[in-house]
Each structure stands twice: as C-alpha cells, then as structure tokens.
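Student: Take a look and give me a structure for this.
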Amino acid sequence: MGYLVLNKLEQHEMTEGVKLRLISGDQMTMAFFHLAPGAVIPEHAHPNEQMGTVLKGSILLTIGGEEKTVAAGIVYRVPSNVPHSGRCLGVSSEVLEIFSPPREDLLQKFKIKKQP
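Tutor: Numbering: from 1, shown residues only. A predicted model of the protein is given here:
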C-alpha cells in the first residue's frame, strides 16, 4: 500500500498529442491521459474491461461503432474486446481510465512496475 503524487509520475507519449501516466496494482491499471487539441487515439481493442471519465475538456468517443461526445462528469464503459477510439475536441482534455485486469501491454511498453 502506498501513496503517489500524480504529477511526479513519469509521463509517456502514447501517440502524437497523447501523453499518459500509469499506475498499476495486482488487479487494475489506472491511466491519466492528457490529449492535445485534435489528438487522436486510433481504433483498437484489448481484453481488458475499461471505465473512464473526462476530467477536463471533451472528447469524441467511439465505442463499438457508437459515437458520443463525452465531457467532464460523464462516465463511460468499454467492454472487453470491443473496438473503440477517441479524439480530443477543442482545447486539451484530461481523461482518467481504469483497466481490469492490468494493461500488461502498456506496463511492458513503458517499463512500468506494479505498485507494491
């Protein structure tokens, strides 16, 4: 068990205009995304269930072909293996997402160790 300071975590560039900070435990991964104006997260799918919310700004989110503008305060869920993508609308956006089980692919890519 421990405490971390978010802005002291290393920030990684996922794709152009998309930066993230990752924290992972044994059963879940938490990801804090910063999206520059117009930044795109290309369509992808993964076996992890995903839930998220926009903390600042807004994004155009497509889940399983259904498109919706998601602004601060709206929570969304992406079921396992469902294709999804996102695009930052207007000013920069900040998004918090939780994945279960942990996103081993991202943890390995960015060499993130699980928190004790």
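Student: What pairs with the top strand by length along the chain, parallel or antiparallel?
Tutor: The single longest strand within the chain, with elements called by DSSP state E, is strand 84-100. Take DSSP bridges as the rule and strand 84-100 pairs in its sheet with strand 29-35 (antiparallel), strand 40-44 (antiparallel), strand 49-63 (antiparallel).
Student: And the next helix or strand past it?
Tutor: Helices and strands here follow DSSP states H and E; after strand 84-100, the next one along the chain is helix 104-109.
Student: so where's the chain uncertain?
Tutor: 1 (pLDDT under 70).
Student: Test my guess that Gly17 contacts Phe33.
Tutor: No - contact criterion Cβ atoms under 8 Å: Gly17 and Phe33 do not qualify, at 10.5 Å. C-betas here are computed from N, CA, C, even on glycine.
Student: Neighbour count for the two, which is higher?
Tutor: More neighbours surround Phe33 than the other of Gly17 and Phe33, with 23 against 17 (other Cβ atoms under 10 Å).
Student: Quick check: closest non-adjacent residue to that one.
Tutor: Using Cβ to Cβ, 6 or more residues apart in numbering and skipping the chain neighbours, the partner closest in space to Phe33 is Val95 (4.3 Å).
Student: for that neighbour, which residues make a bridge with it?
Tutor: Phe33, Val54.
Student: how close does it sit to Ala71?
Tutor: Separation of Val95 from Ala71 (Cβ to Cβ, to the nearest Å) stands at 11 Å.
Student: and for those two, which residues touch both?
Tutor: Val54 (Cβ atoms under 8 Å, 6 or more residues apart in numbering).
Student: Show me which of the two is the more surrounded one.
Tutor: Val95 (26 against 13).
Student: Quick check, that one in contact with Ala39.
Tutor: No - Val95 lies out of contact with Ala39 (Cβ under 8 Å); the separation is 10.8 Å.
Student: deepest of the strands paired with strand 84-100, which one?
Tutor: Of those, the one with the most neighbours on average (mean count of other Cβ atoms under 10 Å) is strand 29-35, at a mean of 21.
Student: I am finished for the moment; much appreciated.
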